[in-house]
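> I'll drop the sequence and a predicted model, then ask my questions.
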Amino acid sequence: WQLERCVPPAPVAEATPAMPVSPAPAAVPASAASGAGTASTDLRRMRLHAELTRAGVPPRPGDLHAIGRLAELDEDTVESVARWIGHAARVREQATVPERATEPARWAAVSEPAVPEPVHPRTPPDPRLTAW
């Protein structure tokens with residue numbers, strides 16, 4: 001008896017239009033589909049970033065494309081480039097080390113110059129505070 005009294009609900013109008021169908025994705029190369037090539041490329045890219053940063057040459061935004069292209073090369077090539085960057089950094093570091101650090105015996109008796117204390121004019125104490 002209750003089913004006879006039920007009135008079907010009024011149709012609800014859609015608030016948003018249907019989304020258009022997106023085009024099919026582009027074909028993925030077989031090497032990228034496995035994920036192995038992409039992961040190793042990412043590792044090589046991070047290695048190059050790390051070597052450049054360690055060498056004191058943080059990559060600029062314009063360099064990101066070049067680093068990405070280098071990372072796409074084979075492992076041996078990226079290893080060679082990273083080794084070259086590291087070697088250049090060590091040579092540069094040795095060239096900029098002061099002579100004092102390389103010859104400690106010569107400089108053992110020399111101490112750092114003392115920094116003078118700042119001179120502040122001293123005002124005499126207020127006699128009203130020291131009288132009692």
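Thanks, I have it. Nothing here was measured: the structure is a model prediction, and the numbers come from that model.

> What is the neighbour count of the spatially closest residue to P59 that is not a sequence neighbour?
Leaving aside its sequence neighbours, P59 sits nearest to L52 (Cβ to Cβ, 6 or more residues apart in numbering; 5.5 Å). Heads up, the C-betas are built off the backbone N, CA and C, glycines and all. The number of residues packed near L52 is 19, by other Cβ atoms under 10 Å.

> now do R60
8.

> How is it assigned, secondary-structure-wise?
Under DSSP: H, G, I helix; E, B strand; the rest coil, R60 falls in the coil class.

> one step back: how near is the residue nearest to P59 to L70?
11 Å (Cβ to Cβ, to the nearest Å).

> elements contacting the longest helix that the chain contains?
The longest helix of the chain (DSSP state H) is helix 75-96. Counting contacts by 3 or more Cβ pairs under 8 Å, 6 or more residues apart in numbering; DSSP states H and E, helix 75-96 packs against helix 36-54, helix 63-71.

> Please export the C-alpha coordinates of it as CSV.
Provided in CSV are the C-alpha atoms of helix 75-96 (Å, rounded to 0.1, in the frame of the first residue of the first chain):
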residue,chain,number,x,y,z
GLU,A,75,76.4,5.4,-18.3
ASP,A,76,80.1,5.4,-19.3
THR,A,77,79.8,8.8,-21.0
VAL,A,78,78.0,10.3,-18.0
GLU,A,79,80.6,8.8,-15.7
SER,A,80,83.4,10.4,-17.7
VAL,A,81,81.7,13.8,-17.7
ALA,A,82,81.1,13.6,-13.9
ARG,A,83,84.8,12.6,-13.4
TRP,A,84,85.9,15.6,-15.5
ILE,A,85,83.8,18.0,-13.5
GLY,A,86,85.2,16.5,-10.2
HIS,A,87,88.7,16.7,-11.5
ALA,A,88,88.3,20.3,-12.6
ALA,A,89,86.9,21.2,-9.2
ARG,A,90,89.8,19.7,-7.4
VAL,A,91,92.3,21.5,-9.6
ARG,A,92,90.5,24.8,-9.0
GLU,A,93,90.4,24.2,-5.3
GLN,A,94,94.2,23.4,-5.1
ALA,A,95,94.9,26.5,-7.2
THR,A,96,92.9,28.8,-4.8
